[in-house]
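S.K.: only geometry, no sequence info:
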C-alpha cells in the first residue's frame with residue numbers, strides 16, 4: 001500500500017500530482033481519460049468513482065489526477081488519498097514490460113524502427129523529464145511516413161501549454177534529426 005510522500009500542483013490548474021514512497025508500476029504507464037477506459041484497473045476505477053475526476057495517469061512512484069474544475073482541491077485531495085493509499089504497491093512486471101516494449105515497434109519496418117529509436121532517445125533526454133516533473137508524459141502512438149503521432153498523458157493531456165508551447169518544442173527538437181518530420185498531437 002503506497003504512502004503519499006508529497007502532493008504537488010502542476011502547470012495545469014486542474015491536475016494534481018501525488019508522489020508516492022512505493023511504486024504503483026515498474027516502468028509501465030497507465031492513462032485513462034474516462035471511467036469506461038479504466039474498467040479492469042481497480043485504482044483508476046476507484047478514482048473515477050469520485051465526483052469531478054476526469055483523467056487518471058500513473059507510472060512508477062507518482063500518479064496525476066485531473067478534475068473538471070468544479071471541485072475544491074483541498075477536499076478532493078483528501079478523497080483521492082484514500083484509494084491511492086489503498087492501492088497495492090507494484091509487483092515486478094518484467095514480462096509485461098518486455099511485451100509493451102516490443103509490441104509498439106513490431107509493426108514497423110526496420111528503418112522506421114531506427115528512426116523511432118532516435119526520436120524516442122531525444123524525447124527521453126529533452127522532453128519527457130520535464131513533462132513527468134509536471135505530472136504528465138508523452139506517448140508516441142506511431143510513425144507513419146513523415147508524421148509522428150504523439151499523445152499527451154496525465155496533467156499534460158488537458159493543459160493548454162501542451163498543445164502550443166510543448167508541441168512546438170517537440171517539433172523543433174525532432175527537426176534537428178529529421179527536418180521533414182511533422183509532429184501531431186492526437
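M.R.: Sure thing, it's come through. Note that the coordinates shown come from a computational prediction; the quantities given were computed from them, not determined experimentally.
S.K.: Now the element after the helix or strand bottoming out on mean pLDDT in the chain, going C-ward?
M.R.: In the chain, the helix or strand scored least confidently by mean pLDDT, DSSP states H and E is helix 94-105, which has a mean of 48. Later in the chain than helix 94-105, the nearest helix or strand by DSSP states H and E is helix 110-126.
S.K.: Could I get the buried residue list for that following helix?
M.R.: By neighbour count on 16 or more other C-beta atoms under 10 Å, the buried set for helix 110-126 is 115-116, 119-120, 122-123. To be clear about C-beta, it is placed using only N, CA and C from the backbone, and glycine gets the same treatment.
S.K.: tell me which strands and helices whatever helix or strand comes next after it is in contact with?
M.R.: Sequence-wise, the next helix or strand downstream of helix 110-126 (DSSP H and E) is helix 128-133. Counting by 3 or more C-beta pairs under 8 Å, 6 or more residues apart in numbering; DSSP states H and E, the packing neighbours recorded for helix 128-133 are strand 136-144.
S.K.: Next, the angle from the strand it packs on to helix 110-126.
M.R.: Interaxial angle of strand 136-144 relative to helix 110-126 (axes from the mean of the first three to the mean of the last three C-alpha atoms, to 10 degrees): 160 degrees.
S.K.: Run through who's touching the following helix or strand past strand 136-144.
M.R.: The helix or strand immediately downstream of strand 136-144 is strand 147-154, counting by DSSP H and E. The contact list for strand 147-154, computed with C-beta atoms under 8 Å, 6 or more residues apart in numbering, reads 15, 17, 29, 31, 55, 57-58, 64, 66, 119, 131, 135-143, 157, 159, 162-163, 166, 170, 174, 181-186.
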